[in-house]
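Undergrad: kindly return the folded structure for what I paste below:
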Amino acid sequence: MKKSFTEFDIGQLTFQRVTFKSVTWAQAEPLLRAVRTVVFIDEQLVTPEFEWDDIDAGAVHLLAMAENQAIACLRIIEYTKIGRMAVLKQWRKQGVGIRLLKMAIEICRQHGSKCVKLSAQTHAIGFYEKAGFVQVSDEYCDVDIPHVDMQLDL
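TA: Numbering: from 1, shown residues only. Next up is the predicted model:
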């Protein structure tokens, strides 16, 4: 049975032909690595040493799947920070990213968070602003990529 977004509670939701679910690192490491390797390491030239850290093991991960292929993901840290959001190039601008982000926001809200923070690459500021985030820092460089801190009050 499909659940509407407002009923989503770290279960599973189908959106067109894409399935969104909450997973742990232990449950889905190969799938999460597949998406993040393509987006961050191959496309953006982030070093593997920076991309892979100990935070993954304790984070909540959201994963989007289409026809048994991982196509997008993000992680939630302590229900107050969203990070490592990645969508495969062929799935961008199709609503997958915003759906994943809104699910992450709702999960944080359900766990009592009063605000959610993230570090946005500057080219994605507009994307996050559409979800209600506001810029709260000046631009800075992280792994040679311009970023700003953003926040959404819940």
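Undergrad: please count neighbours and contacts with C-alpha atoms only from this point.
TA: Will do.
Undergrad: center of this structure, which residue is that?
TA: The centroid of the chain falls nearest to Leu74 when counting by CA atoms, centre = their mean (2.5 Å).
Undergrad: next up, the contacts around it.
TA: For Leu74, the contacting residues are His61, Leu62, Leu63, Ile82, Gly83, Arg84, Met85, Ala86, Leu100, by CA atoms under 8 Å, 6 or more residues apart in numbering.
Undergrad: isn't there a helix covering it?
TA: No. Membership of Leu74 in a helix is not supported by DSSP: H, G, I helix; E, B strand; the rest coil, which gives strand.
Undergrad: strands along this structure, start to end?
TA: When secondary structure is read from DSSP state E, the chain shows strands at 12-15, 18-23, 60-66, 69-77, 81-87, 115-121, 134-135, 140-142, 145-153.
Undergrad: re earlier: and the residue nearest to the centre of the chain, how far is that from Val60?
TA: Distance from Leu74 to Val60, counting by CA to CA, to the nearest Å: 9 Å.
Undergrad: okay, now the residue lying closest to Ser22 once chain neighbours are set aside: neighbour count?
TA: The spatially closest residue to Ser22, leaving aside those adjacent along the chain, is Leu62, at 4.5 Å (CA to CA, 6 or more residues apart in numbering). A count of neighbours around Leu62, defined by other CA atoms under 10 Å, yields 26.
Undergrad: you'd agree Leu62 is up against Phe20?
TA: Yes. Applying CA atoms under 8 Å, one finds Leu62 in contact with Phe20, separated by 6.9 Å.
Undergrad: what do those two both touch?
TA: What both Leu62 and Phe20 touch, as defined by CA under 8 Å, 6+ apart, is the set Leu100.
Undergrad: any idea which of the contacts of Leu74 is the one closest to Lys114?
TA: Nearest to Lys114 among the contacts of Leu74: Ile82, at 13.7 Å, using CA to CA.
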